[in-house]
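Novice: With the input below, show me the fold.
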Amino acid sequence: MTEELEVGGMRMSFLLNTTDTDGSASAFRAEMKPDSLVPPPHSHDTFDETVYCAAGAITFAVNGKPVPLSAGDALFIPRGATHGFRPDPERGATLVCVSTPGSDYFRAAMQFFVDTGDGPPDREALFELMRRHGVTPAVPAGAP
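Specialist: So this is what the prediction gives:
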């Protein structure tokens, strides 16, 4: 059964987790409203990510270069590439994302924000969660 978590204008449906694939891949669908909260720029140290834009539009920044995606477009983000994103301010975006090998980071991060509730997140705790899952924040811990 697909698990769904929603917070900050983003709903994620977890389609495959690492236990489903013996760690080979994980996949989720992310539906983002135009004003969705998005993660800080980061890189994945231990997995690649392939993103397919199923609806709407979104702009990624990959190693400082803007990469706009519209419905039907795909993007490969190799491990180590610093990236962030913003959904289209009018349409939002729906993405299907696959990590290879698999990672449970995205589910853990969504649960972190669900657990945080309406208050501001503990940045140090978030950065620690990221590091635990092989994700490096582009903003150094302790930066404003």
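Novice: And the lengthiest strand in the chain, what's buried?
Specialist: For the chain, the strand with the greatest residue count under DSSP state E is strand 48-62. Buried residues in strand 48-62, defined by neighbour count with 16 or more other C-beta atoms under 10 Å: 48-53, 56-58, 60, 62. Quick note: C-beta positions are derived from backbone N, CA and C, even for glycine.
Novice: And for stretch 125-132?
Specialist: Neighbour counts using 16+ other C-beta under 10 Å place 126-127, 129-130 of stretch 125-132 among the buried residues.
Novice: which one of these sits closest to residue 69?
Specialist: Within these, proximity to residue 69 (C-beta to C-beta) peaks at residue 130, which comes in at 23.2 Å.
Novice: list the contacts for that closest one?
Specialist: 42, 105, 109, 136-137 (C-beta atoms under 8 Å, 6 or more residues apart in numbering).
Novice: what about the helices in the chain?
Specialist: Ranges of helices in the chain, per DSSP state H, are 105-116, 123-132.
Novice: orientation of the shortest one relative to helix 105-116 in degrees?
Specialist: Counting by axes from the mean of the first three to the mean of the last three C-alpha atoms, to 10 degrees, helix 123-132 points 160 degrees away from the direction of helix 105-116.
Novice: Could I get the average pLDDT for helix 123-132?
Specialist: Per-region confidence: helix 123-132 scores 90 on mean pLDDT.
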